Structure formats: structure tokens, C-alpha cells
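Undergrad: Fold the stuff below for me.
(chains A and B)
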Protein chains: 2
Amino acid sequence: MKQVSQRSVLAVDLGGTKIVAAVVTPTGKILPRSSCLTLADKGPAAVIDRLISVADIAVDRAKLKTADLDGVAIAAAGILDTARGVVTTSPNLPRWRNVHLRDIVAERLNVATCLVNDASAAALGEHRFGVGKGLANLIYLTVSTGIGGGIMVDGKLYEGTDGCAGELGHMIIEATGPKCNCGSYGCLEVLASGTAMAREAVSRIRDGEASVVAQLVDGVLDNVTAKILATAARRGDLLACQIVHQSATYLGIGLANLVNIFNPQIIIVGGGVSRMGGMLLKPAREVVKKRAFRLPAQTVQIIKSRLGHDAGILGAAAYVYEQKLEEAAR
Amino acid sequence: MKQVSQRSVLAVDLGGTKIVAAVVTPTGKILPRSSCLTLADKGPAAVIDRLISVADIAVDRAKLKTADLDGVAIAAAGILDTARGVVTTSPNLPRWRNVHLRDIVAERLNVATCLVNDASAAALGEHRFGVGKGLANLIYLTVSTGIGGGIMVDGKLYEGTDGCAGELGHMIIEATGPKCNCGSYGCLEVLASGTAMAREAVSRIRDGEASVVAQLVDGVLDNVTAKILATAARRGDLLACQIVHQSATYLGIGLANLVNIFNPQIIIVGGGVSRMGGMLLKPAREVVKKRAFRLPAQTVQIIKSRLGHDAGILGAAAYVYEQKLEEAAR
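TA: Residues are numbered from 1 along each chain as shown, chains lettered A, B, ... in the order given. Have a look, this model is predicted:
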């Protein structure tokens, strides 16, 4: 493989709530970040303007010019056509339909730009700089408001034909389950995400079940989150414990499927909900032991991400370098 | 990649009912086959004796000696530790536990031998010689008494860490569904395999539902198979139509999951039940359209295998050549 000169790159994490940008050095050092609210409801053009602003600020903070960069990577949730650099749809960016984000940003910043799914970027980040360093096969699962995934095969990110592989949260595990945001029913996401937990808690509290959760949010049930449920569960609240356990069971079913499908060395669980740690992962691992085949279940390590949010930024940066290497190899 | 001199190889398909062996030329020509019943209930030692016999006969029929072969590949169902050449467990070979099949056969035939999952071999066969020729990403799903799978990524067979990846039939799609042979519940296999269809039909006929199926088997309900159900459905039998449609729906859910996970170019459906053709695949494709994301659902082609049984034999042969290439590249 050819050696490629490496300069720093700009990584942008385009989330539903926040846009974060940072310059990343070839050794994986993240220089000072710049961020702003996404304000997704203002529509694509306004969001892209804000993205360009934080990008410029991040480059400035790194004491660089965009011309000094090796490239830009934008990590975003949603069904991306990465080959064409298009956000086809995104749960976090409601009014986005077939937005040619890659080319728009490339033109505005005048730097080669690529688009990558946020969970795929995190998988790559964990593989290059995190707990999955150097492993051949790795699955990354992010559990937060939604559930996303990334797949590393033979040390390379697997993106599928269009670049939208790894939608592990939209694996149907309950054929006739509740309706999911994606239009299907009984997806892992609608049963085990943070949103699913909060929705279940609110519904049961509204139905009259007693729980410390109501006090923790001062009676404003719209403020119930998975984090609140974790706090309540740690205090021994029965309803919270039941809900966390139920989500952990569904998560375990999703993991068992991934173990039987991929026989991976490791599954890294990231995202906000993964901060629950053992409360979530211990029962999930038990389900894997019971419901996956013995050989792959014994092999796999199911562990919490240690890079946290940085996985996406680092992975997006790594993605630029991979693309450069591929181009050089051609 | 180094050029490797290619001689013929011996491919053995070790099934629950039959053992088939054939010499395959480097261009994919299958020379006259030799076969015998497996008689799995006689235990591993007896089965291996029979395997060696059909292997010897196949080599003889090719007018070769084992010393002329480039290698032997044994394709078998079950959870194989391919790295160590061990059949850990197999649904088709009930009393097999950690049988070191690879080394036993290698010693008896005095030829380098490898072990490969039968559905993985079929995936490879379809990729090298069938409808998946030359594609980067391909999923193979075999639907017969059980459901197995094979995964091709970047033109290479993906076998996972131990070599047991691709157990696509043991994807849980109904968390609290019926018990599966694997010990889990609600797997695709227990809901959509030929066995599942037959079981459902027998149960409903025993409960008193009218169906032409009972006449087709002369009242011997143990003889009901998916093939019989297909015949009945083609004659317009309501019960048969309902059961085929229900299995097709479950199959569609499994396919939708694979589409969202892999974003593949093609999914090839093989195995005895796939001979139902459009009756099975049309409703399954409809489910994929409704329940998978639009972009990957538009991309994927879901088609019937054309190689049939030959996929496994050809794939096993191809597997030997791949291993040789890998060794040469090292």
C-alpha cells in the first residue's frame, strides 16, 4: 500500500441537537472543538450555514486554514447514500430529503469532503483509537434516543452497496411489535432505545403506577429520560428497575442476533444509554448466553465504549484517511 | 496476488440425509458424483467411514488418485469452528460434539482438508459460478428443513472470528415466539423453514381444519412437507395458501433485517423450499419493501438460486482454492 502524506482533517458531527466540529491530527489528537445548536426545524439551508460557521471556527481554533486540511468528514445519522454524498432521510433532521450535503460543504469550504453515517464513524473510531483497536471483526451499537450501528469486517468499515449498511437498530425482533419511527414494527430501536424506555415509563406512570420517577422530574413527565430512569433504578424504584430490565432483555436479543450473524470478536455498546453500564449490560449479556450459539457467545466480548462522544469525531477523521489510502491504492 | 497452480479438488457435502462427494475442476466442472445415505444415527465414526468411502469412489470416478488433488473441502451444517476444523454441534448430526472432522479426514485421505459451513459454501458457489458472479456484497439464505446463511463481503466469504458467522436462520424475529431447535425462541428458522410450515399444517389439520393436504399424503400427516403444501397451494387449498403466505411474511421480515443490516446488492434464496418460487418470494419481497429502508430495499435484488444443490459442491471446491491463495499470499 502506498504511503500517503497526512495532514490534519476536519471532523464534523452533525447531530439532531448539536453540531460539533474539530480538527483532528493524523495521530488522533482532537484539537479544540467548536459547536452550536443544530436547530433542525429551521430546515437544511440554515443548518448547513451553521455547520459551515462551526467548521470555520474549529479550523481557526486549530490555527489552520481550510487549505491546510487533508479533507473534511461529516458524520450524520440517517440513511446516507455515501457513494453520492447524499442524506436521503434522517430521523434527526426531519425536513431533509436527498440533500447533497457532501458536495455543498465541499464547495463552500473548498476542501474534499465525505459523508459517513455517525454510528459507522464511531465503529471506525473505536477500531482505530478505542477498545476495538486492531481487531479484525467488530460491531458497534449506539443506544441513545435511537439505536444505530457500525460494522468492521477484516479491519475495514463495511458500508454496503450504497453506504447505508449497519442499521442495526432497525432489525425487527418482535414481528408484530409497536410501530417504529422508520415505518416498520418491533424494531430493536422501538423496544430498547432511551426513547422507548422513557415512553414506557411515562405510559405506566400515567396509568397510575407509583414511581419515584415522577418526583425526579417534578411531575413534568415530558422530562423523563433514560438517565432519570437509571437514577431511579439505582435507588431501587421497582418501575424503573422493570423498565431497564425489559430494555436490557430486548437489547440482549438484538445482541444475540448480531452474535449469531457476525460471530464478532467484540461488540462495543456506546451512546448515552450505555452509561447505565452493568445495570443494562449484565442482563443483556445473560440473554446472549442463553439465546445465541455457544461458540460465538463464548468468543464475543460485549463491552461499553470508552471513547464516548469522541468515537464519532475520531472515526470521521479516520474515514478521511481511509478514503485517501483507497484513492492512493487505486 | 501470487499465481497458484490449480489442480482439481474434492468437495464433500455432508448432509443430514445424504453424503455427496465429487471432484471439481479449477474451472468449476463437477465430475461424476458419488453418494450414500448419511445414517447419522449410527454416530460419528460410522458416518466418517461412509464419507471416506464415497470420497474414494468420487476420486476413482474422476480417474484420479487422492495424491493428484489440490485439497479436500467438507461442507457441513452446524456450528463449525473452521479455524480448528471442528464440528462443535450440528442439528443434522445429532450425536456429534466437537468432532475434529478436518484432521480425521486429512489423515485418512492423506490430503490437506478444510471444513466449511454448508450455507457459507453455497454463498461462495453462487458468487463464483452462479447468479452472484463477481458482485461485492452478497447474502445467501438457504430455506429447507432449517434455514442457514452465508455472507460475502468485498468478494470474500465472511466467516467471523471462529468461522461460524452467518447463522441467519437463528436471527430472533419474534422475541417470545415458539421454541427453536437451537434452544432460543422465535428464530427465523422456527417460523419460516419447511419444517415450520409442515408442523403448522399438521397442527391445524389435527385441529379439524379441512385441507386437500390430508388427501395428498393419504392421511399420513407425518408425510406432510413444504413440497406437499406448495402442491396444495397451487390447487388453491386455503389452509396451504395461508401457511405459505405466513411463512413468506416471516421470511420477508428476516430479509428486511438483512437488507437493513447489510445493504447488499443481492440476496439469493436457495434450499428446497425456495423451489416454491414466486409463491414464496413475491410476498416476501413485498414485506421487504414495506419494512426495510427505502434506499437499500430499492437496491437489493432478491432472487432464487439457479445453481441449486451444486452451489454447495462448487462453493466447497472454491473454498479450497481461496485457502490456497491466502496461504500463497502470506
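Undergrad: ok, A:A329 - how many residues close by?
TA: A count of nearby residues for A:A329, using other CB atoms under 10 Å in any protein chain shown, gives 9. Every residue, glycine included, has its C-beta placed from N, CA and C.
Undergrad: Phi first, then psi, for it.
TA: phi -70, psi -20 (degrees, to the nearest 10).
Undergrad: State the distance from it to A:E322.
TA: Here A:A329 is placed at a distance of 10 Å from A:E322 (CB to CB, to the nearest Å).
Undergrad: ditto for A:L188
TA: Distance of A:L188 to A:E322, computed by CB to CB: 28 Å.
Undergrad: With A:T38 instead?
TA: Going from A:T38 to A:E322 by CB to CB gives 26 Å.
Undergrad: Just say helix, strand or coil for the residue of the stretch 51-200 of chain A found nearest chain B.
TA: Closest residue of the stretch 51-200 of chain A to chain B, CB to the nearest CB: A:G160 (2.6 Å). Following DSSP: H, G, I helix; E, B strand; the rest coil, the label given to A:G160 is coil.
Undergrad: Please apply the same query to A:I268.
TA: strand.
Undergrad: hang on, A:V244 in a strand?
TA: No. A:V244 is assigned helix when assessed by three-state DSSP, not a strand.
Undergrad: So A:L188 and A:E322 - more neighbours on which side?
TA: For the pair A:L188 and A:E322, the greater number of neighbours falls to A:L188 (31 against 18), based on other CB under 10 Å.
Undergrad: For that one, give me its contacts.
TA: Neighbouring residues of A:L188 by CB atoms under 8 Å, 6 or more residues apart in numbering or on different chains: A:I147, A:L168, A:G169, A:H170, A:M171, A:I173, A:Y250, A:L251, A:I253, A:G254.
Undergrad: picking that back up, would you confirm that the residue of the stretch 51-200 of chain A closest to chain B contacts A:G166?
TA: Yes. Taking CB atoms under 8 Å as the definition, A:G160 is a contact partner of A:G166 at 7.5 Å.
Undergrad: Need the residues touching each of those two.
TA: Contacts common to A:G160 and A:G166, judged by CB under 8 Å, 6+ apart, are B:N263.
Undergrad: can you give me the strands for chain A?
TA: Shown for chain A, the strands assigned by DSSP state E span residues A:9-14, A:18-24, A:34-37, A:72-76, A:79-81, A:86-89, A:113-117, A:138-143, A:147-153, A:156-157, A:266-270, A:301-304.
Undergrad: Say whether chain B is contacted by the last one.
TA: I take that to be strand A:301-304. No. On the criterion CB under 8 Å from any CB of the partner chain, strand A:301-304 is out of touch with chain B, staying 10.4 Å away.
Undergrad: List the buried residues for that strand?
TA: Buried positions in strand A:301-304, judged by neighbour count with 16 or more other CB atoms under 10 Å in any protein chain shown: A:I302, A:I303, A:K304.
Undergrad: now the end-to-end length of stretch A:136-146.
TA: 27 Å (CA to CA, to the nearest Å).
Undergrad: now swap in stretch A:187-197 and tell me
TA: End-to-end distance of stretch A:187-197 (CA to CA): 14 Å.
Undergrad: Low-confidence stretches in the stretch 51-200 of chain A?
TA: Scanning the stretch 51-200 of chain A for pLDDT under 70 picks out no residues.
Undergrad: go again using 90 as the cut-off
TA: Scanning the stretch 51-200 of chain A for pLDDT under 90 picks out A:78, A:83, A:90-95, A:134.
Undergrad: Name the residues that touch stretch A:207-225?
TA: With CB under 8 Å, 6+ apart as the criterion, stretch A:207-225 contacts A:194, A:198, A:201-202, A:204-206, A:228-229, A:231-232, A:235, A:237-240.
Undergrad: quick one: A:S120 and A:K156 touch, right?
TA: No. Using CB under 8 Å, A:S120 makes no contact with A:K156, being 11.2 Å away.
Undergrad: picking that back up, of the strands of chain A, which is nearest A:A45?
TA: Across the strands of chain A, the minimum distance to A:A45, taken as CB to CB, is reached by strand A:86-89, at 13.3 Å.
Undergrad: Now find how far off-centre the closest one is within its chain.
TA: 16 Å (CA atoms, centre = their mean, to the nearest Å).
Undergrad: contacts for that strand?
TA: A:76, A:78-81, A:93, A:96-102, A:115, A:164, B:293-295.
Undergrad: buried sites along that strand?
TA: In strand A:86-89, counting by 16+ other CB under 10 Å, buried: A:V86, A:V87, A:T88, A:T89.
Undergrad: Low-confidence bits of the stretch 201-330 of chain A, can you list those?
TA: In the stretch 201-330 of chain A, residues with pLDDT under 90: A:306, A:308-309, A:321-330.
Undergrad: Return the residues of it in contact with chain B.
TA: Counting by CB under 8 Å from any CB, the stretch 201-330 of chain A sits next to chain B at A:250, A:253, A:256-257, A:260-265, A:290-296, A:299-300.
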